[in-house]
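Student: build me a model from this:
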Amino acid sequence: MSTLIEQSIIATLAYFDLFDIPLTREELYRWLWKPPANYVYEDFLDVVEHSTHWQTKDGFVFLTNRGEITQVRDRAVLIVEHKMKRAKHAVKILRFVPFVRAVFVCNTIASGSPEIDSDIDLFIVIKRGRLWLTRFFVTSVLSFVGMRRTRTHVRDRICLSFYITDAHERLYDVCIPGDDIYMAYWLDQLIPVFDPEDVLTDIQQANPWVKQLVPNVFQPYTALSRWRVNPSRLSRLIQRIGHAWWGTWYGNFLEGQAKGFQQQKMKRNTKSKQGQTDTDVVISDTMLKFHENDRRKHFREQWKERIARYE
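Tutor: Below is the predicted model of the structure:
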């Protein structure tokens, strides 16, 4: 019979195994899924080293007979570096867009499991009251420079599928019913490429439910300097000018115009999930979420099956 801490380790390894991700001991400890209370790191290390429910190799911990995923992770490191360079190039442009408060890389790149042909997912936080106008600017400028993902151009293109305003930083309302393990880890893995005002901390504080599932997350984190984009004097100036021009009643008028234009375009997409009761696609004045192929429920079912198999 597995102990409670062993069950927690198996559950954690099983989830990341879905994406061929072995974990270092530090990562495993940080992302332990529903661990027992009142255990200490030294006891955790002792269990990791002496249990027979998993294996260790090259500094990684993984489920039994899954040692080949250490090589997968090694290859993924190179892919992540390449795609982060592309992301940084795009974010250097987006820092000039008025009302953009923060830009994060998310999904497969943030988790360390991208494919060479995959796109680059961004999560963008916008000043409240200017969601639609700012999205119009963001999509226009990245389309103009040829970096935005399209149906025919995916590899290394920027996917703009998730925006929120700083009035909607709590994301529990878009979790799937039950424990949303994907969203819990997604929030902790966000890479703050452009975050001069430390919006990441605000998001973490707005989502305490994550720590109920994964108590060791939300550690202090700063993106690597080679990935990070800081404001320039010119970008600050352009943002200030934009706030002065479009932060008034005239900006409210343009916000309404941008909303109407974009909503009409969205309505013409008859294949979209918009208007359904799930949270795959959310369209509001504080959140725009376009995850037409949201696989969170699928991943959770696969995860549970894997836990049962290994336990």
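
Student: now the strands: where do they sit in the chain?
Tutor: Taking DSSP state E as the test, the strands found in the chain are 23-24, 54-57, 60-63, 100-105, 120-126, 158-165, 191-194, 281-283, 287-290.

Student: export those strands as a markdown table, with columns for distance to residue 16, mean pLDDT and mean neighbour count.
Tutor: In this view, the C-beta of every residue, glycine as well, is placed from N, C-alpha and C. Shown next, in a markdown table, are the strands of the chain (distance: least, Cβ to Cβ, whole Å; pLDDT from 0 to 100; neighbours: other Cβ atoms under 10 Å):
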| stretch | distance to residue 16 | mean pLDDT | mean neighbour count |
| --- | --- | --- | --- |
| strand 23-24 | 6 | 96 | 18 |
| strand 54-57 | 12 | 91 | 17 |
| strand 60-63 | 8 | 94 | 21 |
| strand 100-105 | 18 | 98 | 24 |
| strand 120-126 | 18 | 97 | 25 |
| strand 158-165 | 22 | 96 | 22 |
| strand 191-194 | 17 | 97 | 24 |
| strand 281-283 | 27 | 91 | 18 |
| strand 287-290 | 24 | 94 | 19 |
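
Student: distance to residue 242 for the ones you listed - can I get that in a markdown table?
Tutor: Below are the strands of the chain laid out as a markdown table (distance: least, Cβ to Cβ, whole Å):
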| stretch | distance to residue 242 |
| --- | --- |
| strand 23-24 | 43 |
| strand 54-57 | 52 |
| strand 60-63 | 46 |
| strand 100-105 | 10 |
| strand 120-126 | 12 |
| strand 158-165 | 16 |
| strand 191-194 | 16 |
| strand 281-283 | 24 |
| strand 287-290 | 20 |
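
Student: count of neighbours near the residue nearest to residue 259 when sequence neighbours are not counted?
Tutor: Using Cβ to Cβ, 6 or more residues apart in numbering and skipping residues adjacent in sequence, the residue nearest residue 259 is residue 132, 4.0 Å away. Neighbour count for residue 132, taken as other Cβ atoms under 10 Å: 21.

Student: list the contacts of the residue nearest the centre of the chain.
Tutor: The centre of the chain sits closest to residue 106, judged by Cα atoms, centre = their mean, with a distance of 3.0 Å. Counting by Cβ atoms under 8 Å, 6 or more residues apart in numbering, residue 106 makes contact with 121-123, 162, 186, 189-191.

Student: for stretch 300-311, which outside residues touch it?
Tutor: So stretch 300-311 is contacted by 2, 7, 10-11, 14-15, 17-18, 53, 63-64, 176, 178-182 (Cβ under 8 Å, 6+ apart).

Student: in that stretch, which residues are buried?
Tutor: Within stretch 300-311, the residues that count as buried by 16 or more other Cβ atoms under 10 Å are 300, 303, 306-307, 310.

Student: can I get that stretch in CSV? Just the C-alpha atoms.
Tutor: C-alpha atoms of stretch 300-311 as CSV (Å, rounded to 0.1, in the frame of the first residue of the first chain):
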residue,chain,number,x,y,z
ARG,A,300,-7.7,14.9,-16.7
GLU,A,301,-9.2,11.6,-17.7
GLN,A,302,-6.0,10.4,-19.1
TRP,A,303,-4.2,11.4,-15.9
LYS,A,304,-6.6,9.5,-13.7
GLU,A,305,-6.2,6.4,-15.9
ARG,A,306,-2.5,6.6,-15.6
ILE,A,307,-2.6,7.0,-11.8
ALA,A,308,-4.8,3.9,-11.6
ARG,A,309,-2.4,1.9,-13.8
TYR,A,310,0.7,2.8,-11.8
GLU,A,311,-0.9,2.5,-8.3
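
Student: and that stretch, how far from the chain's centre?
Tutor: Centre-to-centre, stretch 300-311 and its host chain are 23 Å apart (Cα atoms, centre = their mean, to the nearest Å).

Student: same thing with stretch 135-150?
Tutor: Worked out by Cα atoms, centre = their mean, stretch 135-150 lies 20 Å from the chain centre.
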